[in-house]
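J.: no FASTA, just this:
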DNA sequence: CAATACCGGACCAAAAAGGTACGGTATAAG
DNA sequence: CTTATACCGTACCTTTTTGGTCCGGTATTG
């Protein structure tokens, strides 16, 4: 468990499809086909992604959607935020109050840390990396977690 | 979002309560009171934790529960596993098959990495740390994520 | 044998997630 | 200026998951 919503997963698929041709407009219809999702679901997700300002929308005959930032400037964390809202592993890991044992519970701070670490893991992977089949530099390539995703990985263009 | 179940949160509370006196037996009744949870819910969770071999149970008049390992040998990941089952951020991040776009989707490997990183974050925090109010060595203490925790491996049995 | 306590499920209600539908509005072509 | 395309907003419904409770059974102690 500790899984994220299916729709979030779908959203990342859509985003990677969009990342394949960053500057071209693609209609919801097209994207639905390419991602093997229903048009209705696709539309719903695209709307949410547009509202979160990850993609931009254009109406009209030749309208559609396209990324608003370069694939290496969009992280998985961005997509999760867009669909599920801010990450909060536990009730108390983000906002205070609402927990009945607030006073006696000394674990809040630790949850916050865990939360931050998880977010870091999601921020460490960009769309550009998701589209690339993963360069393997060994048998297993552990995901190194840098608090800030600084450098741009080699986009396959 | 990306939150873990409330019951998992409760379970960690129970575990920290147990960690306060690692060698003493405590009945479900007692634990329920100390954790401010209902007896029914407490029992259910304790049963699951016992089945996962994180705690041991003793029946009879002076029975109860207690930790099966030292507080610094039990991680948050263990508790999550016990209550929610193995961590799997997406459908495809653990087992193969079942995904309709399995073939065309090049993101599986990356999800696996993200999954591993998240698990690492959960494995990096032990019960002992959860009970301690967190030693702060600065303004903010970021949780350093080591892909492989050297000193305290999870090693479930 | 009686009181204490854990064991194993079944069960249910509430909440969340997944998915669909529909009336509305902007754009561009003819 | 009409029409076809395509996004927009939101309401709606169905299914699944989650949270929580209850009960009959078994082991242990005195």
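T.: Yep, that arrived. All of these numbers come straight from a predicted model, not from anything done at the bench.
J.: And the average pLDDT for whichever strand or helix holds residue A:129 is what?
T.: Using DSSP states H and E, residue A:129 sits in helix A:127-131. Regarding helix A:127-131, the rounded mean pLDDT is 91.
J.: Sketch out the helices for chain A, chain order is fine.
T.: A:6-20, A:28-35, A:39-51, A:76-84, A:91-94, A:108-123, A:127-131 (DSSP state H).
J.: Looking at these, which is nearest to DNA strand D?
T.: Among the helices of chain A, the nearest to DNA strand D by Cβ to the nearest atom of the strand is helix A:28-35 (3.4 Å). All C-beta atoms are positioned from the backbone trio N, CA, C, and that covers glycine.
J.: and the closest one with DNA strand C, contact?
T.: No - with Cβ under 7 Å from any atom of the strand as the measure, helix A:28-35 is seen stopping short of DNA strand C, the closest distance being 9.8 Å.
J.: Check which residues of that helix are buried.
T.: A:28, A:31, A:32, A:34, A:35 (16 or more other Cβ atoms under 10 Å in any protein chain shown).
J.: the bottom helix or strand of chain A by mean pLDDT?
T.: Lowest on mean pLDDT, DSSP states H and E among the helices and strands of chain A sits helix A:91-94, with a mean of 56.
J.: so who does the one residue sitting closest to the centre of chain A touch?
T.: Compute the mean C-alpha point of chain A, and by Cα atoms, centre = their mean the closest residue is residue A:79, 2.4 Å away. Contacts for residue A:79 were tallied using Cβ atoms under 8 Å, 6 or more residues apart in numbering or on different chains; they are A:8, A:11, A:12, A:15, A:49, A:54.
J.: same thing but 7 Å
T.: Residue A:79 makes contact with A:8, A:11, A:12, A:15, A:54 under the criterion Cβ atoms under 7 Å, 6 or more residues apart in numbering or on different chains.
J.: Can you select the buried ones from those in PyMOL?
T.: In PyMOL, this line selects whichever of those come out buried by 16+ other Cβ under 10 Å:
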select buried, chain A and resi 8+11+12+15+54
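J.: Check the gap between residue A:114 and residue A:77 for me.
T.: 15 Å (Cβ to Cβ, to the nearest Å).
J.: now swap in residue A:123 and tell me
T.: From residue A:123 to residue A:77 the distance is 4 Å (Cβ to Cβ).
J.: Name the residue in the two with the higher neighbour count.
T.: residue A:77 (22 against 18; other Cβ atoms under 10 Å in any protein chain shown).
J.: ok, the buried residues of helix A:28-35 vs DNA strand C, which is closest?
T.: Looking across the buried residues of helix A:28-35 and measuring by Cβ to the nearest atom of the strand, the closest to DNA strand C is residue A:32, at 9.8 Å.
J.: How about that closest one: what's its closest non-neighbour residue?
T.: residue A:42 (4.0 Å; Cβ to Cβ, 6 or more residues apart in numbering or on different chains).
J.: Ok, residue A:13 next?
T.: Residue A:13's closest residue in space is residue A:35 (Cβ to Cβ, 6+ apart), at 4.9 Å.
J.: That neighbour touches residue A:17, doesn't it?
T.: Yes - with contacts counted by Cβ atoms under 7 Å, residue A:35 reaches residue A:17, the gap being 5.3 Å.
J.: ok, which residues in chain A are in contact with DNA strand D?
T.: Listed as neighbours of DNA strand D in chain A under the rule Cβ under 7 Å from any atom of the strand: A:1, A:27-29, A:43-44, A:46-47, A:50-51, A:57-65.
J.: Can you say which of those are buried?
T.: Buried, going by 16+ other Cβ under 10 Å: A:27, A:28, A:43, A:44, A:46, A:57, A:64, A:65, out of the residues of chain A next to DNA strand D.
J.: which one of the residues you listed is nearest residue B:73?
T.: Proximity of these to residue B:73 (Cβ to Cβ) peaks at residue A:44, which lies at 45.6 Å.
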